[in-house]
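Participant: below are the sequence and a predicted model; questions follow.
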Amino acid sequence: MPNLPLGIPSNVEKYFYNRKNGLVKIKSFLNTLNQNVANQILITGNRGVRKSFLLKKLLLELPEDILTSYIDISNLYGIQKGNLTEEQIMQALLENMNSSLRNDDDTLKKKIQNSIKDLILQIKNKEYDFKDAGSVFGVGIPDITDDYQKLSKFVMEYPQKIVDSSKGKIKGFVIVIDEFQFIGELESPEAFFWLIRSFTQKQDNVSYIFTGSTSTTSEMVNKLNGITGAFGNRMIQFNLDPFTKKETKNYLKERVNEIKFTDEGLKRFYKCTIGYPAYINSFCNMMSSSILYDENEVIHEFYQKLEQIAVKWVTIWSSLSNQEKDIISTLVENKSLKWNELIKKLDFSESTVRKNLIKLKNKGLINHHNKIYNVEDYMLSSWLKNEKDKNGFYPS
Ligand SMILES: Nc1ncnc2c1ncn2[C@@H]1O[C@H](COP(=O)(O)OP(=O)(O)OP(=O)(O)O)[C@@H](O)[C@H]1O
Ligand SMILES: [Mg+2]
């Protein structure tokens, strides 16, 4: 059986299927850092479409004189058991930016990194006094009384200061904020986005890439880059598409040539996986080289192994509250519902439904478009429907 990665493999180079389009595009937006123009980028796309892998690959490919940083907000959210705060995000950003100044022979990088080490410890102990840190960049840190303001100002100015103090050796800083939709769990995501906006506006060499499993029309996307959102449409925004039929075919040929399809079988395989590498990989790992997959074989295998193919969803599902699960299964059952229809079908209060819907939208599980709610992901609903058909009830 093939052994394709289900997560982001540590050996990105080995497993990355060279789909140049996305990379070339993002690189060209980042190239302007060399001319002191910093683009801000927002990449949306459904779960498993290949966002994180593409960005990891991008960071590996950027030249030495561009520093890079990557944080995943869903990890922070998980570590904090759902109590995410602005301070934690700032702290993670600073730690990560700092570790990107790899401890190499470069004395400038080393010097900055060492001075910041103590500071990070200080922040962990909630001592927000950065007076000494100012000397790292030869600038004083203004005397601000509010701790979060001090911390955020320091962190937000940090990357540009590094570029400025490098005297041309470092051209820019690229910061990836993955699963950014979890920022929706903060008390005021708007304030957080506006904060970033207010600093990026003044910085010529720092590009942020926000990405997450959320639809182009989600509330978080609007708050970040909608007309009335913090960046007011000024971010370069695009949606990542899955592999096309042709790319899927080539990918299979290159990576799992031992799996044989008839033409109709391959067509059906594409229909089942909709070109999402996450599903292509997990489906392939369940397939055998001793079978010729025609349409019926693919369908049979798909339903037989759906739980393994949709493995990501099994984990996400089990992390949801009963109320969240109820809302999702009601939507799966009814395909899509308006607010009034949904309320009627659920037996908890309107405010509870509202609260849960916000959570589900932020997690990229539910879509709200033209006043209609539905389940965002086709694989999640297929898996749930199949479980219901098989067992008579939705998984607990
Ligand atoms: N270009 C690629 N070549 C080969 N495999 C890929 C490629 N892109 C993604 N994959 C595989 O597909 C799976 C999903 O990719 P990835 O985690 O990047 O998706 P994602 O959009 O970030 O999903 P999520 O929203 O769940 O974080 C991973 O197992 C990864 O190994
Ligand atoms: Mg991802």
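Facilitator: Okay, I see it. Ligands and ions are numbered 1, 2, ... in the order given.
Participant: where does this protein come near ligand 2, residue by residue?
Facilitator: Lys51, Ser52 (CB under 5 Å from the ion). Every residue, glycine included, has its C-beta placed from N, CA and C.
Participant: and the chain, split by domain according to the record?
Facilitator: Listed by automatic domain parsing, the domain ranges of the chain are 20-239, 245-309, 315-391.
Participant: avg pLDDT for the last one?
Facilitator: Per-residue confidence for domain 315-391 averages out to 92 on the pLDDT scale.
Participant: endpoints of that domain, how far apart?
Facilitator: With CA to CA, to the nearest Å as the measure, domain 315-391 spans 19 Å from end to end.
Participant: swap in the shortest one?
Facilitator: Length of domain 245-309, first residue to last, CA to CA: 19 Å.
Participant: the helix or strand encompassing Lys27 and ligand 1, any residue contact?
Facilitator: Using DSSP states H and E, Lys27 sits within helix 20-31. No - using CB under 6 Å from any ligand atom, helix 20-31 stays clear of ligand 1, coming no nearer than 8.4 Å.
Participant: is the helix or strand just after that helix up against ligand 1 anywhere?
Facilitator: Following helix 20-31 in sequence order, the next helix or strand is strand 41-45 (DSSP H and E). Yes - shown here: strand 41-45 in contact with ligand 1 (CB under 6 Å from any ligand atom) through Gly45.
Participant: please name every helix or strand in contact with strand 41-45.
Facilitator: helix 20-31, helix 51-61, strand 206-213, helix 219-225, strand 236-239 (3 or more CB pairs under 8 Å, 6 or more residues apart in numbering; DSSP states H and E).
Participant: send me that strand as CSV with only the CA atoms.
Facilitator: Taking Å, rounded to 0.1, in the frame of the first residue of the first chain, the C-alpha atoms of strand 41-45 are listed here in CSV:
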residue,chain,number,x,y,z
ILE,A,41,-1.8,38.7,1.6
LEU,A,42,-4.8,36.7,2.5
ILE,A,43,-5.1,33.1,1.2
THR,A,44,-8.4,31.3,1.8
GLY,A,45,-9.3,27.7,1.0
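Participant: what's the angle from that strand to helix 20-31?
Facilitator: In terms of direction (axes from the mean of the first three to the mean of the last three CA atoms, to 10 degrees), strand 41-45 departs from helix 20-31 by 160 degrees.
Participant: hey, what's the residue of the stretch 201-350 of the chain found nearest ligand 2 bridged with?
Facilitator: Using CB to the ion, the single residue of the stretch 201-350 of the chain nearest to ligand 2 is Ser213, 6.6 Å away. Following DSSP bridges, Ser213 is listed with bridge partners Gly45.
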